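> Here is my input, please return the structure:
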Amino acid sequence: MKKAKKKVKAAILIIGNEVLSGRTQDLNVSFISNWLNINCGISVAEVRIIPDIEKKIIYNVLELSRKFNYIFTTGGIGPTHDDITALSISKAFKVKYEFNKEAYSILEKYYGKKNFNNGRKKMAKMPKGSSLIYNPSSAAPGFKIKNVLCLPGVPSILKSMIGNLKKYLVKGPVTISDSVNLQTVESYISLELEKLQNEYLKKVDIGSYPFFRLGKVGVSVVLRTSNKIQLKSCLKKLNKIIKNKKIKLFKKS
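Down below sits the predicted model:
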């Protein structure tokens, strides 16, 4: 995996009527985002959920592929009639939708010629020129074309495949973080956090997240950056603010 000097950003495109209807709960976004950051230094900047509609898939794939270094799609590459992701991406990039010889061979060997029906054969069709993302769980591979990497929607299968993405990705600077849990409300510290964020603009991302835990109201202040020195400096100034405003740290009883 090559390393980029600048930040590498990605989008995740969740494709599936079942997610939009609430029938299926998405578990892939947090997993993919965390894996990309820790293993590849790639940050997810946008997530979209769209239905199994060809025009919407084409539009979103083209738009996101122009905006970001990578797009990761999930869903719609199975054997049924509504699995139209591969066909739609073929149309988006104006390339032929055809059987990938290697994918066909993998699936035929996995199922056996007798049980290799048309639905299973469909999983070997993808945009011409695609590279395979191997699947150790259920054989059916994902694929990569240009900067779009297509994965299945089933979380357990996706997790088994994700390590095979590394060879296709350029590594960016890994984001590191630190956090402080405070016994206060956001409004009491908001002005100071705004000033601190302005001081570390584009160096450290500062977020505040209210919580209610063990009968106590609190705020978790999270610092994120790819620079250890900036993180240490920002945290030092945050602790000074906490001391000056006499805010107690949250401690579990």
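> Now stretch 22-42: buried residues?
Across stretch 22-42, burial judged by 16 or more other Cβ atoms under 10 Å covers 24, 26, 28, 32, 33, 35, 36, 37, 39, 40, 41, 42. (Glycine included, C-beta is placed from N, CA and C.)
> now stretch 81-89
Neighbour-count burial for stretch 81-89, counted by 16+ other Cβ under 10 Å, picks out 83, 84, 85, 86, 87, 88, 89.
> for the stretch 1-150 of the chain, what spans make up the strands?
Remark: strands assigned in the stretch 1-150 of the chain by DSSP state E, counting those that start in this stretch are 8-15, 42-50, 70-74, 97-99, 125-127, 131-133, 142-145, 148-151.
> where along the chain do the helices fall?
Along the chain, counting by DSSP state H, helices occupy 17-20, 28-40, 54-67, 85-92, 101-111, 118-122, 155-161, 186-199, 228-244.
> Centre-most residue in this structure?
The centroid of the chain falls nearest to residue 33 when counting by Cα atoms, centre = their mean (3.6 Å).
> which residue packs closest to it, ignoring adjacent ones?
Leaving aside its sequence neighbours, residue 33 sits nearest to residue 44 (Cβ to Cβ, 6 or more residues apart in numbering; 4.3 Å).
> The one you found pairs with what?
residue 10 (DSSP bridges).
> confidence score at it?
For residue 44, the model assigns a pLDDT of 96.
> one step back: in TSV: the buried residues of stretch 22-42, plus distance to residue 12.
As requested, the buried residues of stretch 22-42 are exported to TSV (distance: Cβ to Cβ, whole Å):
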residue	distance to residue 12
24	16
26	10
28	8
32	6
33	7
35	11
36	9
37	13
39	15
40	14
41	16
42	11
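> now for those residues, which pair is the farthest apart?
Maximum pairwise distance among these (Cβ to Cβ): 30.0 Å, between 24 and 41.
> which residues touch stretch 191-202?
Here stretch 191-202 makes contact (Cβ atoms under 8 Å, 6 or more residues apart in numbering) with 204, 206, 208, 221, 230, 233, 234, 237, 238, 241, 245.
> and if we set it to 10 Å?
For stretch 191-202, contacts defined as Cβ atoms under 10 Å, 6 or more residues apart in numbering pick out 186, 189, 203-208, 219, 221, 223, 225, 227, 230-231, 233-234, 237-238, 240-242, 244-245.
> One more: stretch 22-34?
With contact meaning Cβ under 10 Å, 6+ apart, stretch 22-34 is reached by 10, 12, 14, 16-20, 42-45, 47, 49, 72, 74-75, 149, 151-156, 158-159, 162, 165.
> Of these, just the buried ones, PyMOL syntax please.
The buried subset of the contacts of stretch 22-34, as determined by 16+ other Cβ under 10 Å, is captured in PyMOL by this line:
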select buried, resi 10+12+14+16+19+42+43+44+47+49+72+74+75+149+151+152+153+154+158+159+162+165
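> returning to that earlier point: export the buried residues of stretch 81-89 to TSV and tack on distance to residue 143 and pLDDT?
Below are those laid out as TSV (distance: Cβ to Cβ, whole Å; pLDDT from 0 to 100):
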residue	distance to residue 143	pLDDT
83	13	96
84	14	97
85	10	98
86	7	98
87	12	98
88	13	98
89	9	98
